[in-house]
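In: what follows is a predicted protein model with its sequence.
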Amino acid sequence: MTYVGYRISDAMGPMVDSEGNEVGGRFRLMDASDGTMTDMTFRGRWMLMMFGAVHSVGDSSTKMLTRLSQALHILDPDGHRIAPVFISLDPQRDLSEQLRRYASQFPAKIIAGTGAPATLEAVTKEFHATIEKRPDPDWGYSYMTSPQIVIMNPDGRFAGMIPSTASPEEIQAKLRPLLARQ
């Protein structure tokens, strides 16, 4: 099923549109439940877009998602106001089942997904992320985690960035004033 979704997505090409945003915009990706997710899936909630891989350089994706989960436990314990979206840059290895298991290890309700290489390239460009694959002695290769978490407001407009290395307290300090406006 994952392979079929991957092939269909690859054949359809990327669905990306900036909608006038300086960063971010419309997208369509495959989620970890073998379905699709789009930017519209998260309208009405703050969306945090993160790019990395299960096999990331220095395990940076896991560290980032752990810190983010700690921050969201305080800011949005029910997971109703913020949608943390983790996009895997490694669709060959990070299949639906692996992404589901990976996302479930974090206390926050991480929404994981990926896409065909052409789609990932378009989406990362739109969200000012990079796809950087590096040799790795243990896994053969790994990916760099994007240096920024992109914040999109409930209307799908760009609202800022948080360094992916930010502490839980720094993440809370950045998000708390944004959530207070809603």
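Out: Alright, I've got the coordinates. Residues are numbered from 1 along each chain as shown.

In: who does whichever strand or helix holds Met161 touch, helix- and strand-wise?
Out: Assigned by DSSP states H and E, Met161 belongs to strand 158-163. Packing contacts for strand 158-163, counted by 3 or more CB pairs under 8 Å, 6 or more residues apart in numbering; DSSP states H and E, involve strand 148-152, helix 168-181. Bear in mind the C-beta positions are built from the backbone N, C-alpha and C, glycine included.

In: quick one: average pLDDT of the last one?
Out: Throughout helix 168-181, pLDDT has a mean value of 95.

In: related to what we said a few turns ago, residues in contact with the strand holding Met161?
Out: Outside strand 158-163, the residues that touch it by CB atoms under 8 Å, 6 or more residues apart in numbering are 21-24, 46, 48, 147-153, 170-171, 174-175, 178.

In: buried residues in it?
Out: The neighbour-count check on strand 158-163 (16 or more other CB atoms under 10 Å) flags Phe158, Ala159, Met161, Ile162 as buried.

In: where's the first one relative to Pro137, distance?
Out: The span separating Phe158 from Pro137 equals 38 Å under the rule CB to CB, to the nearest Å.

In: what does Gln70 give?
Out: 30 Å.

In: between the two, who's got more neighbours?
Out: Gln70 (17 against 6; other CB atoms under 10 Å).

In: quick one, which of the contacts of strand 158-163 are buried?
Out: Judged by 16+ other CB under 10 Å, buried ones among those: 21, 23-24, 46, 48, 148-153, 171, 174-175, 178.

In: so which residue of the protein lies furthest out from the middle?
Out: Pro137 (25.6 Å; CA atoms, centre = their mean).

In: test for you: state the pLDDT assigned to it.
Out: Looking at Pro137, the pLDDT reads 93.

In: circling back: could the helices and strands packed on strand 158-163 be laid out in JSON lines, adding distance to Ser56?
Out: Compiled in JSON lines, the helices and strands packed on strand 158-163 are given as follows (distance: least, CB to CB, whole Å):
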{"stretch": "strand 148-152", "distance to Ser56": "14"}
{"stretch": "helix 168-181", "distance to Ser56": "18"}
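
In: perfect, I'm done here.
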